[in-house]
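Visitor: With the input below, show me the fold.
(chains A and B)
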Amino acid sequence: MRKTLIAIAAAALVAAPALSENISDPEEILTARHGYMLLLANQLAPLGAMAKGEMPYDAATAARAAASLAALASVDTSMLWAPGTEEGAIEDSSALPEILSNTADREARFAELTTASHTLSAAAGTDLEGLKAAMGAVGQACGGCHKQYRKSE
Amino acid sequence: MRRILAALLLLAFAALGLFWFVTRPTPLPADALDGLTPNLANGEQVFWAAGCAACHADAAAKGEAKLVLKGGQRFPSPFGTFVAPNISNDPAAGIGGWSALDLANAMLRGISPRGAHYYPVFPYASYTKASLQDVVDLRAFLATLPADATPSAAHEVGFPFNIRLSLGAWKFLYLDPAWVVTGDLTPEEERGRYLAEALGHCGECHTPRGALGGMERARWLAGGPVPGGKGNFPNITPAKLTWSEPDIVEYLTSGFTPDYDSAGGHMALVVENTAHLPESDRAAIAAYLKRVPPAQ
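Guide: Residues are numbered from 1 along each chain as shown, chains lettered A, B, ... in the order given. Sure, this is the predicted structure:
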């Protein structure tokens, strides 16, 4: 028993640095951040397709996607904006340095996205017209942050 | 010899006179707006379709702050940096004291109430195609917006471009109220053409410019480098823009591209305006874009 415990503890000791190295490696953080943004975009795909008439309106699918968006928007993303992951410091990053330091404004923008997504979620389950009308505010929440904090080519 | 000199001088004066004559500021006739009564609701639509707030409000402004047209945004160009003036309802700092005719002369002719030429960074080369009724309606709507006392800043433009008189020649060359896209258009495509070529001034960014800064009508909306900045304006003729009409409508509504990334750079400001239009108007713009001749 003691032997096993020691072995587990030793394994944990070996594993721990590896784990923290992964989650503090700027490359990994950048990958996660891009993945997070793409996950947001993925939720919008069925909503957009319905708004454009490319896919028949389905209340359940729409509500599910909008609710996922709201959930994602309210997740704590502070670890995704670690120093060393800004544009200029690392390849493939287009996050302006200000988004790492202006924590309050960044969180306010995610809060805005959460609110807009909740509204979309309520509207998306009701009817197509409601869905279309509520997409604008979500677009403004995503685009507003990109306009401020993302380097454009 | 003296005779020849005198003749030459005379000729030079005549040429100068002719130059002054063709390039002089020509305002609209005083009775141009007679009989037009303002429609406030349409004025608000014109305001959003024409994107006045994109340049005259703070670039970061949201919601109500977009209606405070206090100026201050800077526009770098190869000729120097222009600064958007205050056009709020303040009678001294802004245009609170302007008549509808003053606004019509500014937008359609590029002329100030005192008869000076404006720089074409104020997109009157597009607004010149706007209808007088829309200008009258817009004047009424602007009068309902807040006043702000921030004084307008001076442009940072060097010689000779700081001589407004020289703009007469530019206007003579480039101020052309004719439509670019012609032919057999449906009423929807015509509405889209009005929104895109006149009010929405899409060509001011998306059409490449010649050496003197005029839009190259032969390469309408074919994209090109950002003047005085970095990057490119994309080609939005059917040669490059392969999005469906619903894709374009969604982009002009929420800013989402077909990949659900968002419109960036100055286009984000444009979408903040087009988002306020009725869906039928955004659909009209999309229909028009499909009729633009493909250009590389």
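Visitor: And the biggest helix by length in chain A, what's buried?
Guide: Longest helix in chain A, counting residues (DSSP state H): helix A:26-51. Using 16 or more other Cβ atoms under 10 Å in any protein chain shown as the test for burial, helix A:26-51 gives A:29-30, A:32-33, A:37, A:40-41, A:43-44, A:46-51. Just so you know, the C-beta spots here come from the backbone N, C-alpha and C atoms, and that holds for glycine as well.
Visitor: restrict the residues you listed to those near chain B?
Guide: Restricting those to those within reach of chain B (Cβ under 8 Å from any Cβ of the partner chain) leaves A:40-41, A:44, A:48, A:51.
Visitor: ok, now which ones touch the residue of chain A found nearest chain B?
Guide: Residue of chain A nearest chain B, by Cβ to the nearest Cβ: A:Gly139 (2.8 Å). Contacts for A:Gly139 were tallied using Cβ atoms under 8 Å, 6 or more residues apart in numbering or on different chains; they are B:253-256, B:262, B:271, B:275.
Visitor: taking those residues one by one, which sit in strands?
Guide: Per DSSP state E, strands hold no members of these.
Visitor: Pick out the lowest-pLDDT one from those.
Guide: Least confident of the contacts of A:Gly139 in the model: B:Ser262, at 90.
Visitor: Pull up the gap between it and B:Lys240, please.
Guide: For B:Ser262, the distance to B:Lys240 equals 19 Å [Cβ to Cβ, to the nearest Å].
Visitor: and what of B:Ala275?
Guide: 24 Å.
Visitor: quick one, which of the two is more surrounded?
Guide: Taking other Cβ atoms under 10 Å in any protein chain shown, B:Ala275 and B:Lys240 do not tie; B:Ala275 has more neighbours (19 against 14).
Visitor: Please tell me I have it right and the more buried one contacts A:Ala137.
Guide: No: under the criterion of Cβ atoms under 8 Å, B:Ala275 makes no contact with A:Ala137, lying 9.4 Å away.
Visitor: Low-confidence regions, the chain specifically.
Guide: No chain specified, so I'll use chain A. A:1-22, A:153 (pLDDT under 70).
Visitor: meant chain B, my bad for not saying
Guide: B:1-23.
Visitor: Would you mind giving the domain segments of it?
Guide: Chain B breaks down into these domains under automatic domain parsing: B:34-177, B:185-296.
Visitor: Out of those domains, which gets nearest to chain A?
Guide: Closest approach to chain A among these is made by domain B:185-296 (2.8 Å; Cβ to the nearest Cβ).
Visitor: ok, B:Asn42 - contacts?
Guide: Counted by Cβ under 8 Å, 6+ apart, B:Asn42 has contacts B:133-134, B:137.
Visitor: Only the buried subset of those residues, as a PyMOL command please.
Guide: Selection of the buried residues among the contacts of B:Asn42 in PyMOL, burial being defined by 16+ other Cβ under 10 Å:
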select buried, chain B and resi 134+137
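Visitor: Reformat the contacts of B:Asn42 into a markdown table and put distance to B:Phe159 next to each item.
Guide: Below are the contacts of B:Asn42 laid out as a markdown table (distance: Cβ to Cβ, whole Å):
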| residue | distance to B:Phe159 |
| --- | --- |
| B:Gln133 | 40 |
| B:Asp134 | 37 |
| B:Asp137 | 40 |
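Visitor: Around chain A, pick out the residues from the stretch 101-250 of chain B.
Guide: B:231-232, B:244, B:246-247, B:249-250.
Visitor: Adding neighbour count and distance to B:Leu175, write these out as JSON lines.
Guide: Converted to JSON lines, those look like this (neighbours: other Cβ atoms under 10 Å in any protein chain shown; distance: Cβ to Cβ, whole Å):
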{"residue": "B:Gly231", "neighbour count": "12", "distance to B:Leu175": "28"}
{"residue": "B:Asn232", "neighbour count": "12", "distance to B:Leu175": "26"}
{"residue": "B:Ser244", "neighbour count": "14", "distance to B:Leu175": "35"}
{"residue": "B:Pro246", "neighbour count": "17", "distance to B:Leu175": "35"}
{"residue": "B:Asp247", "neighbour count": "18", "distance to B:Leu175": "34"}
{"residue": "B:Val249", "neighbour count": "25", "distance to B:Leu175": "31"}
{"residue": "B:Glu250", "neighbour count": "27", "distance to B:Leu175": "34"}
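Visitor: Can you name the two of those residues that sit furthest apart?
Guide: Farthest-apart pair in those is B:Gly231 and B:Pro246; separation 27.3 Å (Cβ to Cβ).
Visitor: Can you show me the strands along chain B?
Guide: B:74-77, B:80-83, B:156-157, B:224-225, B:232-233.
Visitor: for chain B, what are the nearby residues on chain A?
Guide: A:40-42, A:44-45, A:48, A:51-54, A:132, A:135-136, A:138-140, A:142-144, A:146-148, A:150, A:152-153.
Visitor: Give me the residue at the spatial middle of chain B.
Guide: B:Pro123 (2.1 Å; Cα atoms, centre = their mean).
Visitor: ok now do that one, which residues does it touch?
Guide: Taking Cβ under 8 Å, 6+ apart, one finds B:201, B:204 in contact with B:Pro123.
Visitor: again, 10 Å this time
Guide: B:50-51, B:55, B:107, B:110, B:198-201, B:203-205, B:215 (Cβ atoms under 10 Å, 6 or more residues apart in numbering or on different chains).
Visitor: for B:Ala275, same thing?
Guide: Neighbouring residues of B:Ala275 by Cβ under 10 Å, 6+ apart: A:135-137, A:139-140, A:143, B:48, B:252-255, B:282.
Visitor: How about B:Lys290?
Guide: B:189, B:192, B:237-238, B:241, B:243-245, B:248.
Visitor: From B:Lys66, how far out is the residue nearest to the spatial centre of chain A?
Guide: What sits nearest the mean C-alpha location of chain A, by Cα atoms, centre = their mean, is A:Tyr36, with 4.0 Å. Distance, A:Tyr36 to B:Lys66, by Cβ to Cβ: 29 Å.
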